[in-house]
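sequence first, then the predicted structure, then my questions.
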Amino acid sequence: MEGDDCSFPPDSSDDHSQRGSVASSATLSRAQDVLIYLFGDSAVHLTVEGLGSVSVQELGRSVREALHVPESAQDAFAFWLCSPLLDLQLKARHQPYKLCRQWQDLLYRFTLASEEDISQDEPFLQFRRNVFYPKSKELQIDDEGVLRLLYEEARSNILTGRYPCDPEHWTSLGALSLALEEGTGLDDAHFTTTVREKKLSSFVPAHVAMGSGGLFSTLRGKSSRQTGLEQNLLEAYRKISTSAGNAPEPTQLLHQYLNTCHTLPYYGCAFFIGEIDKPAQGILQRGKRKSVNVGICLEGVYVMDVKEKHVLLGLHFHQLSWDHSYPEEEGDSHILWLEFDGEEDGTPVNKLLKIYSKQAELMSGLIEFCVELKSGSEGGAAAEMDGEARSQQPAGQDDSSRNGRGGRRGMLRRQSSVLCSRVHSLNTISYVDNGKEIQRLKPKRAASFFNRQPSAAAYSAVQVTDNLEQG
């Protein structure tokens, strides 16, 4: 998450935010050893003077120099302050030491962790992908060191299930990882030996390697499942070996891995934790919630089921409106509201999804910042493309006749792929903008609930008469 999207609490050196592991001011005047962690179980060791006031910008120069990051790719990475409870992407002006002093305040504000967990949590500084770095620029990188840094981060997100993917994705990615580590010349016997020594979970997502089901089904099917996964990996590995002819260069394999990851719409997202309502399945099933990850990047917002490892809802920014709300009474939750087009029994409606999360404010701020970046960098190109599209329409056909409801986008696809939205499985509020209720909704509204929309949004509030003002 982007640390500067909300104001941090003021620095307080005498209260509970003072961390026991933080050095004294006298010590800070001397040179201190600092570890900047990387993905792939490695770190950069620096000796820093004036640690208490050193900024991310100053640390960045030292780390990029140590890692030999070329100037052309220096914007590809950012510093993140991370722990099991919270991740924050820092801006150039931030001072990591001071943020560490405020870490407990940040955890109280943006997480639901217990006091015991908060008191024991320790952040670490990590050098990793910048959420605002465009994928189009990443495709132009040829430096092997930079590509490996990006690869290690993407691989971690694939193996941990943070990036949901289909079998054809994780099979080809696992084979590419093996080729990068062991080369492309392994025969079948050495391939099997290597995979079993390193464990299957080093090449495919952990939930895939472990499988699901009860103890009996796990014991009975473990051997056959592992054999099947190994066989699929072997076939993908053979394709790499045969298609390359000569042994491919590491940069070729790294590009293939990252290009495959780029087909995942949530690649490069900042992730947040939250919950959504489960659809009611009877009186006893009401009020239950489902844990979700919310990914936000320059392209849009993606809500993913933590348990099932698939996408529940994916929306580009021009397809939604959004806002966040604070608790009004004790026991209420912070909420991120997403509003988008939908359908109820054949009737076009506006749908509202409530995401309960103490990070709702951060998510809303990041969406707004991404929308501004996109509108600034692509406004001219988008207008040009729109003009071309209009000029190619048949004579007499306007925007509203194209899809029948004032430029409303097509319905979200429902497929078996983990990448596709599952709107039918969401518990949303549906309404039309003249106040006619499809489901109970208070208060009744005559337009979009939120005014936070991209200026050229394709999303529109449902119209029931031609003279109603569009939300």
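Here it is on my side, so go on. Model, not experiment: these values are computed from the prediction.

can you name the residues bridging to Val301?
Ile296, Leu315 (DSSP bridges).

contact partners for it?
294-295, 313-315, 317, 320, 322, 338, 367 (C-beta atoms under 8 Å, 6 or more residues apart in numbering). (Glycine included, C-beta is placed from N, CA and C.)

closest to Tyr163 out of those residues?
Nearest to Tyr163 out of the contacts of Val301 is Gly295 (C-beta to C-beta; 8.7 Å).

next up, the contacts around the residue nearest to that closest one when sequence neighbours are not counted.
Leaving aside its sequence neighbours, Gly295 sits nearest to Cys269 (C-beta to C-beta, 6 or more residues apart in numbering; 3.3 Å). For Cys269, the contacting residues are 131, 295-297, 302, by C-beta under 8 Å, 6+ apart.

look up which residues are beta-bridged to Trp322.
Applying DSSP bridges, one finds that Trp322 bridges with Leu338.

does it really touch Leu338, like I thought?
Yes - assessed by C-beta atoms under 8 Å, Trp322 is found in contact with Leu338 at 5.5 Å.

closest to Asp41 out of the contacts of Val301?
Among the contacts of Val301, and counting by C-beta to C-beta, the member closest to Asp41 is Gly295, at 24.2 Å.

I'd like the distance between the closest one and Leu200.
Going from Gly295 to Leu200 by C-beta to C-beta, to the nearest Å gives 26 Å.

settle it for me: which of these two has more neighbours?
Set Gly295 next to Leu200 and count neighbours by other C-beta atoms under 10 Å: Gly295 wins out with 26 against 18.

ok, so of the contacts of Cys269, who is nearest Ala280?
For those, the nearest to Ala280 is Tyr302 (24.5 Å; C-beta to C-beta).

just checking, the closest one touches His310?
No - with contacts counted by C-beta under 8 Å, Tyr302 stays clear of His310, the gap being 10.7 Å.

okay, the two: which has more neighbours?
Tyr302 (24 against 19).

need the pLDDT of Ala446.
We have a pLDDT of 40 for Ala446.

helices of this protein, start to end?
Secondary structure of the chain (DSSP state H): helices at 25-28, 56-67, 96-101, 103-110, 115-120, 135-138, 144-159, 167-182, 188-198, 206-210, 215-244, 250-262, 360-391, 399-403.

closest to Leu419 out of these?
helix 167-182 (8.8 Å).

which strands and helices lie in contact with that closest one?
helix 144-159, helix 188-198, helix 215-244, helix 250-262 (3 or more C-beta pairs under 8 Å, 6 or more residues apart in numbering; DSSP states H and E).

got a list of contacts for it?
151, 155, 158, 165, 186, 191, 194-195, 202-205, 208, 232-233, 236-237, 239-241, 248, 250, 253-254, 256-257, 260-261, 263-264.

thanks a lot, catch you later.
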